[in-house]
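> The following block contains a protein sequence and its predicted model.
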Amino acid sequence: MTRLSKQTLDGNVETLILAVLKAGPSYGYAIVKELNERAEGILQLGEGTIYPVLYRLEEKKLIAARWRLAENGRQRKYYRLISKGHKALAANRRQWQMLSAAMGKVLGSAENLLPKPQVKGATI
Amino acid sequence: MSRALQKYLDHVMLYANRKEQDAAKIRVELEDHLRQKMADLQARGLPGEDAVFQAIEDHGTARTVGYGLRKGFALLDVRTQGTARGFIAIGPRAVGIIAFGNVAVGLFAFGNFAFGALAFGFFAIAGLLSLGGISLAPLGAAVGLTAVGRGAYGMIACGGLAVGLKVPWAIDGVSFLSGENGLQFLQHFRTREGTVALIALTSWLFLIFPIMNGVMCSIKENEYKRIKKIDPKLIE
């Protein structure tokens, strides 16, 4: 399966995490699992690389975090989306829709410009 | 089983280089993640030891994860891989107020390729002053074997080549566009005293680079030693 390149992914992981957290509070491992499930294996993130993004989102006050005791008796950090995060997610989503529409139009038309394969001896 | 896990976390935190209190919390979070992953893998039928290594592999290399966990813009950021960002940044690529690296971008930039307000390197581009083999300062002074810039006055191109928008004259150099367009403030350099002052200034500039280079290399060396102390294999 073709994976997305790092360049394509960079800068968008924040939005993906915000989207996952929109469904409700969650923690690192569950966020990664959810991301991979929703993306059906296309993203294939290095699981550890999600934490710097989570900390950055926390610093930007787009998400808030709280330590709670997990079912296995260990302390676990739960993240939840807060109002600034909701707004950021909505804004990013709009941006993506616009970009996706533009890319579709440009790439779609470029595809149409490709020479069509010709069959030898065929008559039209 | 957990020895490999603990060793991996040691390495991650070594590269993360966070304050003790922050580091402890991050470590707890990462360990929880890895243990859950291992449990999931084992539930899917992977033997215990394989599950540990698979969980670590999926998590990412200690260096990548650790560097990612560093503060956004630290006072001092020294890295052996990737881009260092900080007030003083040292790494293969460096961005900071004082940046030192193969590619350095900063207010003061030192490196093979240096870009900044003041840039020193084999290839230097600067707003104010660039010093290097190939030196460009479109708005400031350029010093180097080949110096190009508004202030790449012949004075600074001793024994080299000075090309500028306004080049009044050159010492032992070749200058283009020289002569009538010379800036008035440089006229006093035509005197003997002026020339001496000029050579002193130039020599001083050429001294900065090796001194700064020495300081930065020593900081870099300390970082290597810190990593080596925990695990020499990490440097190999």
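Perfect, thanks for sending it. Numbers count the residues shown, from 1 in each chain, chains lettered A, B, ... in the order given.

> how many neighbours does residue 60 have?
All of this refers to chain A. 12 (other CB atoms under 10 Å in any protein chain shown). From N, CA and C alone the C-beta is placed, and that goes for glycine too.

> Actually, chain B is the one I wanted.
Neighbour tally, B:Gly60, other CB under 10 Å: 19.

> With adjacent residues omitted, what lies nearest to it?
A:Gly46 (3.4 Å; CB to CB, 6 or more residues apart in numbering or on different chains).

> which SS class is the residue lying farthest from the centre of chain B?
For chain B, the largest distance from the centre (CA atoms, centre = their mean) belongs to B:Gly45, which lies 46.6 Å off. Each residue gets one of three states, and B:Gly45 gets coil by DSSP: H, G, I helix; E, B strand; the rest coil.

> quick one, phi/psi of it?
Phi and psi for B:Gly45, reported as degrees, to the nearest 10, are phi 100, psi 10.

> now B:Arg18
Given degrees, to the nearest 10, the pair of backbone angles that B:Arg18 has is phi -100, psi 170.

> Now for chain B, the helix or strand with the poorest mean pLDDT.
strand B:174-178 (a mean of 45; mean pLDDT, DSSP states H and E).

> Return the list of helices and strands in contact with the helix or strand following it.
For strand B:174-178, the following helix or strand on the C-terminal side (DSSP states H and E) is helix B:192-230. Contacts defined by 3 or more CB pairs under 8 Å, 6 or more residues apart in numbering or on different chains; DSSP states H and E place helix B:192-230 against helix B:2-16, strand B:74-78, strand B:83-137, strand B:141-149.

> Locate the residue nearest in space to the middle of chain A within the secondary structure: which element?
The residue lying closest to the centre of chain A (CA atoms, centre = their mean) is A:Leu16, at 3.0 Å. Using DSSP H and E, A:Leu16 maps to helix A:13-22.

> same deal with A:Gly85?
Counting by DSSP H and E, A:Gly85 is part of helix A:83-113.

> Now find how far off-centre that helix is within its chain.
13 Å (CA atoms, centre = their mean, to the nearest Å).

> What residues sit buried inside that helix?
A:85, A:88-89, A:92 (16 or more other CB atoms under 10 Å in any protein chain shown).

> what's the closest of those to A:Leu54?
Within the buried residues of helix A:83-113, the smallest distance to A:Leu54 is 11.7 Å, found for A:Gly85 (CB to CB).

> Look up how far chain B lies from that closest one.
18 Å (CB to the nearest CB, to the nearest Å).

> Excluding chain neighbours, give the residue nearest to that residue in space.
A:Leu62 (3.7 Å).

> Now that neighbour, what are its backbone angles?
Dihedral angles (degrees, to the nearest 10) for A:Leu62: phi -90, psi -30.

> what sits against it?
A:14, A:18, A:81-82, A:84-85, A:88 (CB atoms under 8 Å, 6 or more residues apart in numbering or on different chains).

> give me that answer again for 6 Å
A:84-85, A:88 (CB atoms under 6 Å, 6 or more residues apart in numbering or on different chains).

> For B:Phe113, see how far away it is.
35 Å (CB to CB, to the nearest Å).

> Could you do B:Val78 as well?
19 Å.

> Could you check which of the two is surrounded by more residues?
B:Val78 (23 against 19).

> can you tell me how far that one sits from B:Ala117?
With CB to CB as the criterion, B:Val78 and B:Ala117 are 22 Å apart.

> okay, the helix holding A:Leu16 in PDB with CA atoms only?
Extracted C-alpha coordinates of helix A:13-22, given in PDB (Å, rounded to 0.1, in the frame of the first residue of the first chain):
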ATOM      1  CA  VAL A  13      -1.100  15.700  12.100                       C
ATOM      2  CA  GLU A  14      -2.300  18.400  14.500                       C
ATOM      3  CA  THR A  15      -5.600  18.600  12.600                       C
ATOM      4  CA  LEU A  16      -6.000  14.800  12.600                       C
ATOM      5  CA  ILE A  17      -5.500  14.600  16.300                       C
ATOM      6  CA  LEU A  18      -8.000  17.400  16.900                       C
ATOM      7  CA  ALA A  19     -10.400  15.500  14.700                       C
ATOM      8  CA  VAL A  20     -10.000  12.300  16.800                       C
ATOM      9  CA  LEU A  21     -10.400  14.300  20.100                       C
ATOM     10  CA  LYS A  22     -13.600  15.800  18.800                       C
END
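
> Determine the angle, from 0 to 180 degrees, between it and helix A:83-113.
Helix A:13-22 and helix A:83-113 are oriented at 120 degrees to each other (axes from the mean of the first three to the mean of the last three CA atoms, to 10 degrees).

> Show the subsequent helix or strand relative to helix A:13-22.
strand A:26-27.

> Report the strands that pair with that following strand, each with its relative direction.
Strand pairing for strand A:26-27, determined by DSSP bridges: strand A:75-81 (antiparallel).

> Show me what the mean pLDDT comes to for the partner strand.
On average, the pLDDT along strand A:75-81 is 94.

> Tell me the buried residues in that strand?
A:76-79, A:81.

> so can I have CSV of those showing distance to A:Pro25?
Below are the buried residues of strand A:75-81 laid out as CSV (distance: CB to CB, whole Å):
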residue, distance to A:Pro25
A:Arg76, 11
A:Lys77, 10
A:Tyr78, 5
A:Tyr79, 7
A:Leu81, 8
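
> Most widely separated two among those?
Largest pairwise distance in the buried residues of strand A:75-81, by CB to CB, is 17.6 Å, between A:Arg76 and A:Leu81.

> A:Ile17 - how many residues pack around it?
27.

> residues touching it, list them.
A:Val53.

> Return the per-residue confidence for it.
Value for A:Ile17, per-residue pLDDT: 94.
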